[in-house]
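In: need coordinates for the below:
(3 chains)
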Amino acid sequence: MTEAKRTTGNFFEDFKVGSKILHAVPRTVLEGDMSLYIALYGDRRPLHCAREFAQSLGFQRETVHDMLVFHMVFGRAVPDVSLNSPANLGYADVRFLQTVYPGDTLRAETEVIGKRETSRPDVGIVWVHTKGFNQRDEVVLQFYRWAMVNKREPGVATGDDDAPELPERVATENLHIPPELMIDRFDAVATGGRFFWEDYDPGERINHPQGITIEDAEHQMATRLYQNNARVHFNEQLQKKSRLGTRIVYGGHVISVCHGICHDGLENVVRILGFNAGAHANPTVAGDTLFAWTDVLERIDLGRPDVGALRLRLVGVKNLDPSEEPIDLKVKDPATGRESHHPNVVLDLDYTVLIPRRR
Amino acid sequence: MTEAKRTTGNFFEDFKVGSKILHAVPRTVLEGDMSLYIALYGDRRPLHCAREFAQSLGFQRETVHDMLVFHMVFGRAVPDVSLNSPANLGYADVRFLQTVYPGDTLRAETEVIGKRETSRPDVGIVWVHTKGFNQRDEVVLQFYRWAMVNKREPGVATGDDDAPELPERVATENLHIPPELMIDRFDAVATGGRFFWEDYDPGERINHPQGITIEDAEHQMATRLYQNNARVHFNEQLQKKSRLGTRIVYGGHVISVCHGICHDGLENVVRILGFNAGAHANPTVAGDTLFAWTDVLERIDLGRPDVGALRLRLVGVKNLDPSEEPIDLKVKDPATGRESHHPNVVLDLDYTVLIPRRR
Amino acid sequence: MTEAKRTTGNFFEDFKVGSKILHAVPRTVLEGDMSLYIALYGDRRPLHCAREFAQSLGFQRETVHDMLVFHMVFGRAVPDVSLNSPANLGYADVRFLQTVYPGDTLRAETEVIGKRETSRPDVGIVWVHTKGFNQRDEVVLQFYRWAMVNKREPGVATGDDDAPELPERVATENLHIPPELMIDRFDAVATGGRFFWEDYDPGERINHPQGITIEDAEHQMATRLYQNNARVHFNEQLQKKSRLGTRIVYGGHVISVCHGICHDGLENVVRILGFNAGAHANPTVAGDTLFAWTDVLERIDLGRPDVGALRLRLVGVKNLDPSEEPIDLKVKDPATGRESHHPNVVLDLDYTVLIPRRR
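Out: Predicted coordinates:
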């Protein structure tokens, strides 16, 4: 019996630095995807759910949520990049570019930019640069990410030692302000927001009040919506034998849940401009209740009178409410002295958003 | 560390009788919302799912379900009205007005019309009148509701004693018959209904055969779809400490589940005209199986030969099938002599619907 | 108290051979249904999710998935045919015909073509032929199916012995190749597929790598989306008393889950042409993890140079991964010598698909 047609995905040995992968399955974003995004995360940004509000800002209609664009592009790349990946390790220089509308079709390409061995004989690390395009071949999103990838032949060393240097943040000149944006008709009644760019001070912390308990049916429907088919999210029988003992929630789902939670206190944010750095510090599973806080890192002057940017740190925490039980983001192992994320931290995301200035 | 940007919602003390609140986050209803409504409740009314049927009745296309309009308007008001509400107590004079289509954008305003202290020192009761508008500022829905609201300072009396008088029912002259409705082409094959206005007798009971078991993923997705962000529906960690011990299902979800169940025997109903009175008699949680019966209260002659109205009582019951195990709607406490709803009753809704007359 | 309006559905005695049933509730397929189909099954066929790909093949836009058409037509018929059915027994000569687009409205008609008593006194078997139509009265799907149906009066013999003879397969001349299809611009980058008609050999087996764990919220939302209201899928209280002890998953949901799994290795399949025969060999319940393999049965030459057909056997298995733990499709009871499906097999589907030929 032949195994010729069994899809196995790429293993560490299969990635060649410099090679480019054209991912399959272009995806037309539909109105149904917009509704499901709200059903899954309770998003309240009027740019994405209120037609006349979006039009008043110069957009054609309500736009596709930045995170939904992210998931769609990420999902294209999974079968080629991370089908055999036990963990996504990080993101860098994630840029949100051309506005996406329902009816646009997204596709993705990935270039392999680095790989190296790890201290473990069975896995290596692969670095990639992925770009998402619309049907007019305009770039809607681009990002670096690196992931742990299983070897086809565990224990056989490849000699790879090619870790790339990546930007520490999205450079201010690379922040894409939608050219169609006209902020003079910005309606803060529609957002419910009282705070503008000038009102956020570096060092300030916002404890968001919402807590959200994760269900298997929810993260599975979300992950399938993005056509992300990594096995660890869906196969309980397989995962029962894993270290975690159950299905692991797609990291992007965790970002969207936390992004939904962080709406309170950031109501006037117009869109995400970039992720500077991000880490899924610990795994999330069904039954976990997620909380979040935001630290204001920096107020970025974009050199224009209407809008500015805020650099924020969004921290997602599981199973304890940090507003009632504050925790340190990082803790030191008393034995090794090594510092790592608090075991309840599930997301540590350094990102930059666009927000109107006071007039 | 400042708490200035932490959203806390309004407490009992914050409501001023006579004040008006413009709620944030207008919401464009999409085709995805229509599909999700069917996926959540199995609705079978062809006016909402069959384009040519809707057009044959004079509508532009399939219309947004009355209950979906209700949830969308209700959801707008939650962050301002009931974020700190342990229970919604009742509805009165709920009028379903202008027809809503996919593509319409809904927003809401609320006037505070009364408040009073209760026997409990930590909560008061607030009465509000909420109106939902479309993008042309036409009223699509308006209702009175009253809810228990937590005090910011439990135990500090405010002296409020301002309970309003509310209509006992939607007056017949306030029942809105869609002016576009042409009933002469009504197709009972499309509804599957055999009964018309004349066939329903006051005193008659219809035991609906369906039973529906509630899942956490379902009520959470529904409640988020409506952008209703009351914490009690989503935060298991918080709710574990509550009297109920788990997440409570949004009362509107219970109405929609029961409304889906009550389709059998009421197939020819065209739309909901109003809620006369409604109570969430007992809480619903995931794992409960809901059943429902309908009592015909009144046949209302609208003075026209094509359509009439029926006043119905929809009773939702959890975890016992009232067609097999009939129960009394109300029971008397032997100790106190006080009458209250049977502990398995979750919904007691007195409402009025539009239905064709026999030709 | 009258029971006149209580919907009970048809029992075995109610079916008359030769009678025709016009099913209620026409259903306009919306973009939301397309998105939900992907969220429920992770479908990756670009014909159904990529507008420009679909247009490059001659279609107007992305088309409604064949299985979604199947579910919608099947769902129309449930209230009349199988509300009192403990099990669907089989399908024959299922033909997928006219292309369906979002915005099309589907309705269904069923002719009763046979019925007979069984060895059990409480149930009989009913054979029906169901056709689905669009709003232009074009047939989009037609199929034979037979189901066990409860008797109204268990134990009272009816003398029915009218089993029809059905085609063993969809005849090649009845396979509907969409006339609009132009395969010369077929883009295998968009599908991700490497194999064409000539590459599949009868006798070949494809073990699909994915395993999918079923959740109650998922199969309930799916089944309601299709407005299939059979009680066994939704009523845990009722089902607790059944032999199975819990809600049973709609068989069509199992087909779609397995069809999603079988994508890997069959990426270039354009559409389903027919089901030759199908059986739900054993029940599926929430918590089961489904796996699947495909056996290539036959390469069918359609007499044209651009496309061919493949006859495939899709086998769905629960709670064991057949690629790691191969099983026999059928097992013999040592006591009776009777052969039946392996107890872990949930689906045995013999079907035919359309696929491009190598150029």
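
In: how about the residues of the stretch 201-350 of chain A near chain B?
Out: Contact residues (Cβ under 8 Å from any Cβ of the partner chain) of the stretch 201-350 of chain A with chain B: A:204-213, A:215-218, A:264-267, A:287, A:289, A:319-321, A:323. C-beta here means a position set from N, CA and C on the backbone, and glycine is covered the same way.

In: where in the stretch 201-350 of chain A is pLDDT low?
Out: Scanning the stretch 201-350 of chain A for pLDDT under 70 picks out nothing.

In: all the helices of it, residue numbers only.
Out: A:216-225, A:236-239, A:251-261 (DSSP state H, counting those that start in this stretch).

In: look up how far residue A:55 lies from residue A:147.
Out: Distance from residue A:147 to residue A:55, counting by Cβ to Cβ, to the nearest Å: 39 Å.

In: who's more crowded, the two?
Out: Regarding residue A:147 and residue A:55, a neighbour count based on other Cβ atoms under 10 Å in any protein chain shown identifies residue A:147 as having more, with 19 against 13.

In: and the helix or strand encompassing that one, what does it pack against?
Out: If you go by DSSP states H and E, residue A:147 is part of strand A:139-150. In terms of contacts (3 or more Cβ pairs under 8 Å, 6 or more residues apart in numbering or on different chains; DSSP states H and E), strand A:139-150 is packed against helix A:66-81, strand A:87-96, strand A:105-117, strand A:123-133.

In: among the ones you listed, which is the most enclosed?
Out: Neighbour counts (mean count of other Cβ atoms under 10 Å in any protein chain shown) averaged over each of these peak at helix A:66-81, with a mean of 24.

In: hmm, that one touching chain C?
Out: Yes: using Cβ under 8 Å from any Cβ, helix A:66-81 comes into contact with chain C via residue A:79.

In: just the angle for that helix relative to strand A:123-133, thanks.
Out: 130 degrees (axes from the mean of the first three to the mean of the last three Cα atoms, to 10 degrees).

In: which ones are touching the nearest residue to residue A:189 once chain neighbours are set aside?
Out: Leaving aside its chain neighbours, residue A:189 sits nearest to residue B:22 (5.3 Å; criterion: Cβ to Cβ, 6 or more residues apart in numbering or on different chains). Neighbouring residues of residue B:22 by Cβ atoms under 8 Å, 6 or more residues apart in numbering or on different chains: A:189, B:107, B:109.

In: do you know which of the helices and strands packed on strand A:139-150 lies nearest chain B?
Out: helix A:66-81 (12.0 Å; Cβ to the nearest Cβ).

In: could you measure from the spatially most central residue of chain A over to residue A:208?
Out: Centrality entry for chain A: nearest residue to the mean C-alpha point is residue A:252, 4.9 Å, by Cα atoms, centre = their mean. Per Cβ to Cβ, residue A:252 is found 19 Å from residue A:208.

In: please apply the same query to residue A:115.
Out: As judged by Cβ to Cβ, residue A:115 and residue A:208 stand 38 Å apart.

In: send the alpha carbons of stretch A:288-304 over as CSV?
Out: C-alpha atoms of stretch A:288-304 as CSV (Å, rounded to 0.1, in the frame of the first residue of the first chain):
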residue,chain,number,x,y,z
ASP,A,288,-9.0,28.4,31.0
THR,A,289,-10.4,31.9,31.8
LEU,A,290,-8.4,34.7,30.2
PHE,A,291,-7.8,38.2,31.6
ALA,A,292,-5.7,41.0,30.3
TRP,A,293,-4.0,44.2,31.2
THR,A,294,-2.4,46.9,29.0
ASP,A,295,0.8,48.8,29.8
VAL,A,296,1.3,52.0,27.8
LEU,A,297,4.9,51.9,26.6
GLU,A,298,5.3,54.9,24.3
ARG,A,299,3.4,57.7,22.7
ILE,A,300,4.6,58.0,19.1
ASP,A,301,4.3,61.3,17.3
LEU,A,302,3.4,60.7,13.7
GLY,A,303,4.1,64.3,12.7
ARG,A,304,0.5,65.0,11.9
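
In: neighbours around residue A:242, how many?
Out: Neighbourhood size, residue A:242 [other Cβ under 10 Å]: 13.

In: for it, give its distance to residue A:231.
Out: Using Cβ to Cβ, residue A:242 is found at 10 Å from residue A:231.

In: cool, and residue A:49?
Out: Taken as Cβ to Cβ, the span from residue A:49 to residue A:231 is 33 Å.

In: neighbour count winner among the two?
Out: residue A:49 (25 against 16).

In: pretty sure the more buried one contacts residue A:38?
Out: Yes: between residue A:49 and residue A:38 there is a contact at 6.4 Å, judged by Cβ atoms under 8 Å.

In: shared neighbours, those two?
Out: By Cβ under 8 Å, 6+ apart, the residues touching both residue A:49 and residue A:38 are residue B:227.

In: how about residue A:195, what does it touch?
Out: Residue A:195 neighbours (Cβ under 8 Å, 6+ apart): A:265, A:266, A:267, A:268, B:5.

In: ditto for residue A:181
Out: Contacts of residue A:181 by Cβ under 8 Å, 6+ apart are A:57, A:58, A:59, A:270, A:307.

In: okay, it and residue A:54: tell me how far apart.
Out: Going from residue A:181 to residue A:54 by Cβ to Cβ gives 11 Å.

In: do the same with residue A:349
Out: 25 Å.

In: who's more crowded, the two?
Out: residue A:349 (25 against 22).

In: pretty sure the more buried one is touching residue A:314, no?
Out: Yes: Residue A:349 lies in contact with residue A:314 (Cβ under 8 Å); the separation is 4.5 Å.

In: mutual contacts of those two, please.
Out: With Cβ under 8 Å, 6+ apart, residue A:349 and residue A:314 have common neighbours residue A:258.

In: for the strand holding residue A:147, what is the distance to the chain centroid?
Out: With Cα atoms, centre = their mean, to the nearest Å as the basis, strand A:139-150 stands 10 Å off its chain's centre.

In: what mean pLDDT does that strand get?
Out: The pLDDT scores in strand A:139-150 average 96.

In: could you give me the buried positions within it?
Out: A:140, A:141, A:142, A:143, A:144, A:145, A:146, A:147, A:148, A:149, A:150 (16 or more other Cβ atoms under 10 Å in any protein chain shown).

In: check stretch A:246-254 too.
Out: In stretch A:246-254, counting by 16+ other Cβ under 10 Å, buried: A:246, A:247, A:248, A:249, A:250, A:251, A:252, A:253, A:254.

In: closest to residue A:303 out of the residues you listed?
Out: Checking those against residue A:303 with Cβ to Cβ, the nearest one is residue A:252 at 32.2 Å.

In: that closest one reaches residue A:74, doesn't it?
Out: Yes: Residue A:252 lies in contact with residue A:74 (Cβ under 8 Å); the separation is 5.9 Å.

In: which neighbours do these two have in common?
Out: Counting by Cβ under 8 Å, 6+ apart, the residues touching both residue A:252 and residue A:74 are A:226, A:228.

In: next, give me the two most distant ones among the contacts of residue A:195.
Out: A:268 and B:5 (11.0 Å).

In: the stretch 251-359 of chain A: strands as residue ranges?
Out: For the stretch 251-359 of chain A, the strands defined by DSSP state E, counting those that start in this stretch occupy A:271-279, A:289-300, A:307-318, A:330-332, A:339-341, A:345-356.

In: contact partners for the closest residue to residue A:78 other than its chain neighbours?
Out: The shortest distance from residue A:78 to any residue other than its chain neighbours is 4.7 Å, reached at residue A:228 (Cβ to Cβ, 6+ apart). Residue A:228 sits next to A:71, A:74, A:75, A:78, A:250, A:252 when contact means Cβ under 8 Å, 6+ apart.
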